[in-house]
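A.B. asks: Provided below are the primary sequence and the corresponding predicted coordinates.
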Amino acid sequence: MNLDLHSISEKHPGKKWQKLFQAHWPAYKAWFLSKEGEDSPDLKTCQTQLRKYMPEFYPTYLKLCKLAGPDPVAHRFLTGYRPPPYMSGCAQIVSEKEAQLVRNYDFDPNLSEGTLLHSHWNHREVIAMGDCLTGVVDGMNDSGLVVSLTFGGRKVVADGFGIPFILRYILEFCTTLDKAVEVLHRIPSHMSYNIMLMNRSGQHRLVQVAPDCPPTITDLSASTNHQGVVDWPEHADFTKTIERELYLHDMLAQGDRTAEQIAMEFLKAPLFNRKYSKGFGTIYTAVYRPKEGALELLWPGIKLRQTFKRFQESVTSISYSERIDITTTDAIPAAQLQEDYNGAVEAYWQEYGRTWTSHEHAVTSAFFESANGKSLKGLSSRIKELLSQMEEVSAGDGTYKQKTRPEIWKRVATKK
């Protein structure tokens, strides 16, 4: 499976957004109409609700409708009111000390819009991952406010707006946590979600919204796909929401990882998911650092960095697989590899050991390359063998006795 992520910069809705609409609307329209029912609201009702709950956004909505053309179905869709049910997986965590929010967006690549939009539609400059052409699944504005969502793991669907449209409104018009929380109280969501909010100083709120009860405001630093208790056991089992949440909280409790190390954990199991054919694969890892006005999008071996000061339009091509492909070619001489090993520090090896035991060989290669500045692309067969050797002497927690490391490394790295 493949996805082209388009990084687009356009201050106000114009030709670039229109091109985006023309590319994606046929698929969105088919999905939108396939879920139509006798109780689906008409255009007038949708527009009335948008003016009632998000009046400041209405002028922008009219501009978007003009660019979309004379299609009443598109105009109804763009209000965001009572869309068809949709759900994703996702996991998210905040580090207050470093003012960092990290999240994995888990979905089907074939259904992902693949748009990173830099805009200034209203009061704030915004960088956000798009959904439904105007909505947001995660993003940040130039006041340092960051928003991100995970599905809440409940089947209930009721009157309200699609959460991506509400998050767009927050980024367009809010500058503080309190204002964002007020919006989540005031505007009804048609399904259940966990909304993480963080400001430039690292303060955060996790708001659990649902269509059948008032929002719950918490100071939780992480969430996956349930809200306190499991409401949908089958979904919880499929997504391993409890296991992933425990992993996140355990990582926070240990308190020994840097912000960068926390981000890299999201590229490994159990946080990184590969059930792409079943709609639960990690599309990207997003790392928001509002103090820097920066967003980093991560994949194994790939990083895309964008900032408010330096946003570059581009197309990033990503290939997804339900397994990790290993390619073997000739590369670094074993003698050079041995020299690299001898210069490694103890802390490096502890992290390296944890990486090995994850079984993510491609991630391990990327880790070694980033630490040593050398490519490991041609050592895949030796990586497999080294992993096997290390597992034989592992203490079970990813650590190894100091005296065994040179022996294992030499045994594999010098093998012809």
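C.D. replies: Nice, I can see it. Residues are numbered from 1 along each chain as shown.

A.B. asks: Show me the helices in the stretch 201-350 of the chain, by range?
C.D. replies: Listed in chain order, the helices of the stretch 201-350 of the chain (DSSP state H, counting those that start in this stretch) span 233-239, 241-254, 259-265, 334-342, 346-356.

A.B. asks: any idea which element the residue lying closest to Pro214 once chain neighbours are set aside lies in?
C.D. replies: Spatial nearest neighbour of Pro214, excluding adjacent residues (CB to CB, 6 or more residues apart in numbering): His185 at 7.3 Å. (Glycine included, C-beta is placed from N, CA and C.) If you go by DSSP states H and E, His185 is part of helix 177-186.

A.B. asks: Provide a list of residue ranges in this protein with pLDDT below threshold.
C.D. replies: Low-confidence segments of the chain (pLDDT under 70): 324-416.

A.B. asks: how far out from the middle of the chain is the helix or strand Pro26 falls within?
C.D. replies: Here Pro26, judged by DSSP H and E, is contained in helix 15-34. When distances are taken as CA atoms, centre = their mean, to the nearest Å, helix 15-34 is centred 22 Å away from the chain's centroid.

A.B. asks: By neighbour count, which bits of whichever helix or strand comes after that helix are buried? Give me those.
C.D. replies: For helix 15-34, the following helix or strand on the C-terminal side (DSSP H and E) is helix 43-53. When burial is assessed from 16 or more other CB atoms under 10 Å, helix 43-53 yields the following buried residues: Cys46, Gln47, Gln49, Leu50, Tyr53.

A.B. asks: what's helix 43-53 packed up against?
C.D. replies: In terms of contacts (3 or more CB pairs under 8 Å, 6 or more residues apart in numbering; DSSP states H and E), helix 43-53 is packed against helix 58-68, helix 72-79.

A.B. asks: what distance separates stretch 299-314 from the centre of its chain?
C.D. replies: The answer for stretch 299-314 is 14 Å, by CA atoms, centre = their mean.

A.B. asks: do stretch 291-309 as well
C.D. replies: With CA atoms, centre = their mean, you get 12 Å for stretch 291-309.

A.B. asks: and the gap between Tyr105 and Leu252?
C.D. replies: 20 Å (CB to CB, to the nearest Å).

A.B. asks: higher neighbour count, those two?
C.D. replies: Shown here are Tyr105 and Leu252; by other CB atoms under 10 Å, Tyr105 has more neighbours (24 against 15).

A.B. asks: wouldn't that one be in contact with Val136 here?
C.D. replies: No. Counting by CB atoms under 8 Å, Tyr105 does not reach Val136; the two are 11.5 Å apart.

A.B. asks: Which residues are in contact with each of these two?
C.D. replies: Met129 (CB atoms under 8 Å, 6 or more residues apart in numbering).

A.B. asks: ok, the closest residue to Arg244 other than its chain neighbours - contacts?
C.D. replies: Nearest-residue entry for Arg244: Thr224, 4.6 Å, with adjacent residues in sequence omitted and distances by CB to CB, 6+ apart. Thr224 sits next to Gly89, Cys90, Ala91, Thr150, Thr239, Thr241, Ile242, Arg244, Glu245, Leu248 when contact means CB under 8 Å, 6+ apart.

A.B. asks: Generate a PyMOL selection restricted to the buried entries among these.
C.D. replies: Of the contacts of Thr224, the buried ones go into a single PyMOL selection, burial set by 16+ other CB under 10 Å:
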select buried, resi 89+90+91+150+239+241+244+245+248
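
A.B. asks: Max pairwise distance over the contacts of Thr224: which two?
C.D. replies: Cys90 and Ile242 (14.6 Å; CB to CB).

A.B. asks: Just the element for His118, please.
C.D. replies: Element membership for His118 (DSSP H and E) is strand 115-119.

A.B. asks: Partner strands of that strand, with direction?
C.D. replies: strand 2-9 (parallel), strand 126-131 (antiparallel) (DSSP bridges).

A.B. asks: How far off centre is the shortest one?
C.D. replies: In this view, strand 126-131 has its centroid 11 Å away from the chain centroid, taken as CA atoms, centre = their mean.

A.B. asks: go on, stretch 305-317?
C.D. replies: Relative to its chain's centre, stretch 305-317 lies at 16 Å (CA atoms, centre = their mean).

A.B. asks: Pull the residues that contact it.
C.D. replies: Residues from elsewhere that reach stretch 305-317 (CB under 8 Å, 6+ apart): 2-9, 116, 118, 125, 127, 142, 292-297, 302, 304.

A.B. asks: Got a PyMOL select line for the buried ones in those?
C.D. replies: In PyMOL, selecting the buried portion of the contacts of stretch 305-317, with burial taken from 16+ other CB under 10 Å, looks like this:
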select buried, resi 3+5+6+7+8+116+118+125+127+142+292+293+294+295+296+297+304
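
A.B. asks: quick one on the thing from earlier: pretty sure the residue nearest to Pro214 sits against Pro215.
C.D. replies: Yes. With contact defined as CB under 8 Å, His185 reaches Pro215; the gap is 5.5 Å.

A.B. asks: Brilliant, that's me finished.
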